[in-house]
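> here's my sequence, what's the structure:
(chains A and B)
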2 protein chains.
Amino acid sequence: MQPDIVPCNQSETAEHQNDQYHCFPGLESRQPGCRRTDTDGSPFWRGRFLDLAVTPAVGAVTGGPTFREAHLIMEMFRNSGLVTSLDLVELNPFLNERGRTAVLQVDLVARLMGRRIIDRPTRSYKAMQEKLNIVPFVSVDHMMKLVLATGVERFLIELAAYIEEDFRRWESFDKTPRVASHSAEGVIELMPTSDGETYGFKYVNGHPKNTRSGRQTVTAFGVLADVGNGYPMLLTEMTILTALRTAAMSAVAAKYLAPKGARIMAMIGNGAQSEFQAIAFKAILGVDKLRLYDIDPSATARCQKNLAGMGFEIKACSSSQEAVEGAEIITTVTADKQNATILTDNMVGPGIHINAVGGDCPGKTELHHDILLRSDIFVEYPPQTRIEGEIQQLDPDHPVIELWQVIAGKALGRTGERQITLFDSVGFAIEDFSALRYVRDRLKETRLYEELDLLADPDEPRDLFGMILRAAKAAPVAAKAGAL
Amino acid sequence: MQPDIVPCNQSETAEHQNDQYHCFPGLESRQPGCRRTDTDGSPFWRGRFLDLAVTPAVGAVTGGPTFREAHLIMEMFRNSGLVTSLDLVELNPFLNERGRTAVLQVDLVARLMGRRIIDRPTRSYKAMQEKLNIVPFVSVDHMMKLVLATGVERFLIELAAYIEEDFRRWESFDKTPRVASHSAEGVIELMPTSDGETYGFKYVNGHPKNTRSGRQTVTAFGVLADVGNGYPMLLTEMTILTALRTAAMSAVAAKYLAPKGARIMAMIGNGAQSEFQAIAFKAILGVDKLRLYDIDPSATARCQKNLAGMGFEIKACSSSQEAVEGAEIITTVTADKQNATILTDNMVGPGIHINAVGGDCPGKTELHHDILLRSDIFVEYPPQTRIEGEIQQLDPDHPVIELWQVIAGKALGRTGERQITLFDSVGFAIEDFSALRYVRDRLKETRLYEELDLLADPDEPRDLFGMILRAAKAAPVAAKAGAL
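Residues are numbered from 1 along each chain as shown, chains lettered A, B, ... in the order given. Modelled structure (predicted):
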């Protein structure tokens, strides 16, 4: 939406404080002296554009106010009593995807008028929710369609917003290390978590030799369930979704840790995760210069080809040394299951942010030990990262900072220009939970799911056997064959 | 099949030893002196009938040789060189369900001739296995159809055979206590296990208040996966399947623990699990006299109605005291989540087998403490049962016997006529694993599943992003909308 509506004095500095909307003193106190006028004398709000995560429309930029903040602004406008008229403009109806910006406009205007809008999901979604046996299922095909209909950038931005929201309320989650079943060939893991209202888990495998038989090294699916009644409410593929959430997570961390205004990223390892990383860093941080390196030049070529036409300036490098030259962010995302040294100490200059994605299980690391000693290390969940992350190379009491504390404003992220920051990413259940939540919320407005007959729902809850007997009547042939 | 084919002297005693087929000395040594002839002078094998689990055909009885044993017998026949001719008869083609007995006959004859038959699943199942993205899914509807097409009794008998098989190789499983997420309303659990080749887990909730909103107290689904590549190979509803496996498990335990020839069972608690228990005990032990009691007479009435015409003599009782009169087996399967006393000490006479199904989580027990002290207690997995079972009332070091040891012949089951045996059943992951395995094996011969597009399968395993790009080309509308 175009918020060219209402007067306001907005302080850029105060905006980044916690109670940032005390920066609208003119509205709060109704003192006319605080009002400002545009050049033509009419009152104006030089409003920051909404965040892209809120709506993909014109008037949305990365880092703009969130949905909740926009609501707060509207509430203050209302409380100010200064709003006398309102023009609503949609400059580019083409971007009003499935009525999304229109819905947002109505919602914000309602708030401005002191009213609330009731959420009305599509008829099919609502009807499905009333069928107790049905669980919506998002197949691989539907997930791709959801990503494409949303746009990869917007998907990553919105997903990042869900991750940030959940990291902010980190303390309200049940946290368990993943439940792993190891074998010679790989590992199968269950990653459960719960916020007390919703429960989620991901099934994920890691089998490095799978590519030899044309299979994925990592596949995954996930389930979201209602803590109140234990009923699953979403089953979805998560191979693609995990790639997206890993990239969104990296970009969220970099938002707090990378040098301000960083635009140049080296990416060492150009496999399945690389394009997602690149797009996430572009969408969320504005990184648009990539320096790629992979021991397999064909991987670099494919990554470069896949990213063509997306606004990147890409350089394929012939060594990791060359790739890191001039880079402000270094992303390592290699796949070999071994203690490798993708980065040596001399390659990391002051001020760099390292996004270490590839080292994510016992015996699999990417960075030289000495880099870790020079870095401030940020992690998701220390008990898990100390086993699986780069810091498995360090003493078990080596100081680390929990990323959620940075996001929640309880710890500092980047504090200086020469500081080396390291996000030792291994992937935690709460990120999958955010991703599941995001997909579930998106289903309300799309038809991109199937209905899965997953839960037995007898007419009388205690008569499970009677349900089978009644099914026999409905299918007399089977019953007649002496089956019962 | 009718194994009226070949001569053999079979010792009933030796048959129950480990290397039982050394009991065919005539075959092993080819000494003509060991041959026996029928009354008409022709050679014969007074072969034991095959186990019902192997085939539902005429010539199959519970406890007969298993599939593997039948193969071993054929192999020895072959080695003996004594087989000169063979008649194959199918007395009742009506029972040759979907060619099952025919396939078995061919298979055994092949072995007799020193050949192997290659397993050829139905074309649709085979085609599906070649699609890497597809996981077969058994919905509630398909599960009911599978149960009906199989027949509840046969389903329980075959499932029991799978459970026995897995209990016999108990030591080869990874065993973890379930991973539970508790809330005020109930619990959500993940129950994983693996035998090193196959991995399985069940998702199951327990929410006692659910019936108020027309929902099931317990719902479940499960997944089987290949340990070698981590790919899921079956997703199935498990609400119905869990009811079946719980009943099959109880009957397997009773097979080893109940008084020989027991036919009278008291069943206290006549809810969703009761009919399954009754049918399992009839199919596997021959129990055909039921004495029912429930605090809710309508539950008893429904159970009695559902079991009508299935060959039971049923008495609805007005108290649990009345129900246990004359019973040789007492099954307690009540639902209240509390420390209840369904059975008091005076109600349990000598020689009884107690099948305690209902007490299955902390704070939920059914038996008076004193009964436990008089009983020999058999459990599935002690670390779990001590928390969840009846024995949570006892000292943590109170002696118990692991049921698998009884089944594997490493411990004694019932040893005397006056002994009180108690199976303190709580349900363990390996039983779900057996149930998943059984359903998976049945899919090879049925079409009772859907194909779920659950796993991303890019043409080039490392090009996940490229797969999305190609999907965009296939769905140009979404891509055109500025989505990528």
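> which other helices and strands does the host helix or strand of A:T331 contact?
Assigned by DSSP states H and E, A:T331 belongs to strand A:329-332. Helices and strands touching strand A:329-332, by 3 or more CB pairs under 8 Å, 6 or more residues apart in numbering or on different chains; DSSP states H and E, are strand A:264-268, helix A:274-285, strand A:339-343, strand A:353-356. Every residue, glycine included, has its C-beta placed from N, CA and C.
> lowest average pLDDT across those?
Among these, strand A:339-343 carries the lowest mean pLDDT, a mean of 81.
> can you say which of the helices and strands packed on strand A:329-332 is nearest to chain B?
Closest approach to chain B among the helices and strands packed on strand A:329-332 (CB to the nearest CB): helix A:274-285, 3.8 Å.
> for the host helix or strand of A:E164, which positions count as buried?
Secondary structure from DSSP H and E places A:E164 in helix A:152-168. By 16 or more other CB atoms under 10 Å in any protein chain shown, the buried positions in helix A:152-168 come out as A:152-164, A:166-167.
> same check on stretch A:361-376?
A:C361, A:K364, A:T365, A:E366, A:L367, A:H368, A:I371, A:L372, A:S375, A:D376.
> looking at the buried residues of helix A:152-168, spot the one nearest chain B.
Here the nearest of the buried residues of helix A:152-168 to chain B, counting by CB to the nearest CB, is A:V152; it sits at 6.1 Å.
> hmm, A:I279 and that closest one touching each other?
Yes - distance between A:V152 and A:I279: 5.3 Å, which falls inside the contact criterion (CB atoms under 8 Å).
> residues near A:L454, how many?
The local packing of A:L454 (other CB atoms under 10 Å in any protein chain shown) involves 28 other residues.
> which residues touch it?
Shown here is A:L454, whose contacts under the criterion CB atoms under 8 Å, 6 or more residues apart in numbering or on different chains are A:N133, A:I134, A:V135, A:P232, A:L235, B:S139, B:V140, B:F221, B:E237.
> distance of it relative to A:V106?
The spacing between A:L454 and A:V106, counted by CB to CB, to the nearest Å, is 35 Å.
> hmm, back to that, let me know the closest of the contacts of A:L454 to B:G466.
Of all these, A:L235 has the smallest distance to B:G466: 25.7 Å, by CB to CB.
> okay, the closest one: pLDDT?
97.
> so it: helix, strand or coil?
Taking DSSP: H, G, I helix; E, B strand; the rest coil as the rule, one finds A:L235 in the strand state.
> setting aside sequence neighbours, what's the nearest residue to A:I314?
Nearest in space to A:I314, with sequence neighbours left out and distances taken as CB to CB, 6 or more residues apart in numbering or on different chains, is A:L290 at 4.7 Å.
> now A:A262. Nearest residue, chain neighbours left out?
In space, not counting the residues next to it along the chain, A:A262 is nearest to A:E328; the distance is 3.8 Å by CB to CB, 6+ apart.
> that neighbour: how many residues sit nearby?
In terms of burial, A:E328 registers 21 neighbours under the definition other CB under 10 Å.
> might one say that it is in contact with A:K260?
No - taking contact to mean CB under 8 Å, the distance of 9.6 Å between A:E328 and A:K260 leaves them out of contact.
> on that earlier part again, tell me the contacts of the residue nearest to A:A262?
A:E328 sits next to A:A258, A:P259, A:A262, A:R263, A:I264, A:M265, A:G351, A:I352, A:H353 when contact means CB under 8 Å, 6+ apart.
> A:T217 too?
Contact criterion CB under 8 Å, 6+ apart gives A:G206, A:H207, A:P208, A:N210, A:T211, A:A272, A:A335, B:P461 as the residues in contact with A:T217.
> same check, this time on A:N355
A:S250, A:A253, A:A254, A:Q277, A:I329, A:I330, A:T331, A:T332, A:F423, A:S425.
> beta partners of the nearest residue to A:T242 once chain neighbours are set aside?
The spatially closest residue to A:T242, leaving aside those adjacent along the chain, is A:A220, at 5.0 Å (CB to CB, 6+ apart). Applying DSSP bridges to A:A220 gives these bridge partners: A:V204.
> OK, contacts around A:A220?
When contacts are counted by CB under 8 Å, 6+ apart, A:A220 touches A:K202, A:Y203, A:V204, A:N205, A:E237, A:M238, A:T239, A:L241, A:T242.
> tell me the pLDDT at it?
The predicted structure scores A:A220 at 96 on the pLDDT scale.
> for B:M467, see how far away the closest residue to A:V138 other than its chain neighbours is.
Take A:V138 and drop its neighbours on the chain: the residue closest to it by CB to CB, 6+ apart is A:T236, 3.8 Å away. For A:T236, the distance to B:M467 equals 17 Å [CB to CB].
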